[in-house]
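Participant: Build me a model from this:
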Amino acid sequence: MRVLACEPFYGGSHRQFLDGWSERSEHDWHLLTLPARWWKWRLRHAALDFADRARELEAAGQHFDVVLSTSMVNVAELRGLLPPALAQLPHVQYLHENQLTYPTSNAAAERDLHLAMVQVTSALASDSLWFNSEFHRRDFLEALPRFLRSMPERLSFDPVARLAERSRAEWPGVEEARLREPVDRAGPLRIGWVARWEHDKNPKAFFSALSKLAARRDFRVSVLGERFRRAPKCFEEYRRSHPETIDHWGFVENRDDYLAALGGLDVVVSTAHHEFFGLAVVEAMRAGALPLLPERLSYPELLEGVRPDGVWGLYDGSEAELVSRLGALCDAKRDGALERGVARQAMRRFGWSRRVVALDEALRQVVASGPFPVVGRRS
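Facilitator: Here you go, the predicted structure:
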């Protein structure tokens with residue numbers, strides 16, 4: 001099949017997903033992309049840009065079987081602006097995130113209801129709605145009625161039922177080709193932070209736990225997550241107060257070096273309040289790190305079928321439990337009783353060699369369920 005893919009935020013995990021799939025797929029892809037910046041502007045204008053570029057492709061004689069867009073494309077606008085032949089193709093939207101439940105920048109900030117409504121309209125204009133986890137799918141569908149009740153009038157139909165019927169969870173894939181065997185480094189426990197340097201990842205709890213642990217145990221920490229222009233103060237405060245515990249500080253741009261750094265971790269820790277999938281955590285586990293993740297969000301889904309030893313795995317999400325578990329892992333490393341590899345094997349199901357087969361087939365099923373003669377048809 002010929003796939004027209006529209007990605008207005010071509011960077012980070014969005015780019016990894018699109019490149020990872022399209023480069024391994026049995027289908028033939030044409031990518032329309034924009035740089036990964038100004039996400040609100042992307043959500044408002046990307047459809048205009050992509051529709052014009054798609055029109056040029058059609059004029060040049062190119063044809064497609066399906067259109068795939070991601071979360072920052074307004075599918076309703078895109079289909080309204082595309083030439084009829086392209087507008088009537090099946091449209092799949094892949095949601096890395098959504099504006100109904102994505103955390104605001106701080107507790108006092110108000111959600112942009114216009115952008116949330118754009119997301120709802122876009123979802124309804126899609127023929128198939130794919131989420132990067134089952135948790136994300138449920139999260140969106142459960143939030144939708146609450147969001148619509150805040151509007152001045154009710155809709156004449158039930159959008160939740162309509163969207164539930166055409167939605168599914170499709171995990172992204174994880175790179176495998178450049179992974180090396182985990183490095184069993186001697187010495188203290190090596191702890192990894194792989195999340196973004198942002199408040200929704202709850203770094204304050206992470207560094208508070210490490211500060212308490214530092215008074216009792218010997219360990220090293222590598223802070224590998226991506227940093228943006230502004231970062232929570234707790235990062236710099238910890239760096240200054242506990243430099244003796246730091247192995248590495250800062251995001252590693254080179255992909256091979258980053259994967260090598262993951263391979264040197266004993267444990268990857270999350271304290272997140274928000275996670276729709278957790279690609280960085282899965283990558284760390286696939287590279288050999290044992291997980292210590294709060295029992296919430298997408299994490300139980302990621303560890304489904306994994307049998308932890310009672311120390312690593314899911315914890316109750318509290319700082320006290322995190323300190324206790326990390327202390328036990330420090331002792332296990334010191335005594336030579338830290339067993340790695342269980343989570344690594346379990347994460348094989350997220351490898352691209354498996355995911356590309358599933359994603360290609362899911363796309364084929366959408367096209368086979370056509371025809372799609374009327375844009376915005378009632379289901």
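Participant: what's Val367 in contact with, if anything?
Facilitator: Val367 makes contact with 1, 65-66, 90, according to C-beta atoms under 8 Å, 6 or more residues apart in numbering. (Glycine included, C-beta is placed from N, CA and C.)
Participant: Just the buried residues of these.
Facilitator: The neighbour-count criterion (16 or more other C-beta atoms under 10 Å) marks 65-66, 90 among those as buried.
Participant: from the contacts of Val367, which is closest to Pro8?
Facilitator: Using C-beta to C-beta, Val66 is the member of those that lies nearest Pro8, at 18.1 Å.
Participant: what sits opposite the closest one in the beta ladder?
Facilitator: With DSSP bridges as the criterion, Val66 is bridged to Val3.
Participant: And it, how close does it get to Gly263?
Facilitator: 37 Å (C-beta to C-beta, to the nearest Å).
Participant: Next up, phi/psi of the residue nearest the centre of the chain, please.
Facilitator: Residue closest to the average C-alpha location in the chain (C-alpha atoms, centre = their mean): Phe277, at 4.4 Å. With angles defined as degrees, to the nearest 10, Phe277 shows backbone torsions of phi -140, psi -70.
Participant: Look at the nearest residue to Arg180 once chain neighbours are set aside and say how many residues are nearby.
Facilitator: Distances taken as C-beta to C-beta, 6 or more residues apart in numbering put Gly263 closest to Arg180, at 5.3 Å, once the chain neighbours are dropped. Neighbour count for Gly263, taken as other C-beta atoms under 10 Å: 20.
Participant: Next one: Gly263 from Gly192, what distance?
Facilitator: 10 Å.
Participant: Kindly report the same for Leu302.
Facilitator: 16 Å.
Participant: repeat for Gln62
Facilitator: On the measure of C-beta to C-beta, Gln62 and Gly192 end up 44 Å apart.
Participant: Looking at these two, which is more packed in?
Facilitator: With neighbours defined as other C-beta under 10 Å, Gln62 and Gly192 compare such that Gly192 has more, 27 against 13.
Participant: which SS state does the more buried one fall under?
Facilitator: Look at Gly192: counting by DSSP: H, G, I helix; E, B strand; the rest coil, its state is strand.
Participant: Need the per-residue pLDDT for the residue nearest to it when sequence neighbours are not counted.
Facilitator: Computed as C-beta to C-beta, 6+ apart, the closest residue to Gly192 that is not its neighbour in sequence is Leu265, at 3.9 Å. As predicted, Leu265 sits at a pLDDT of 95.
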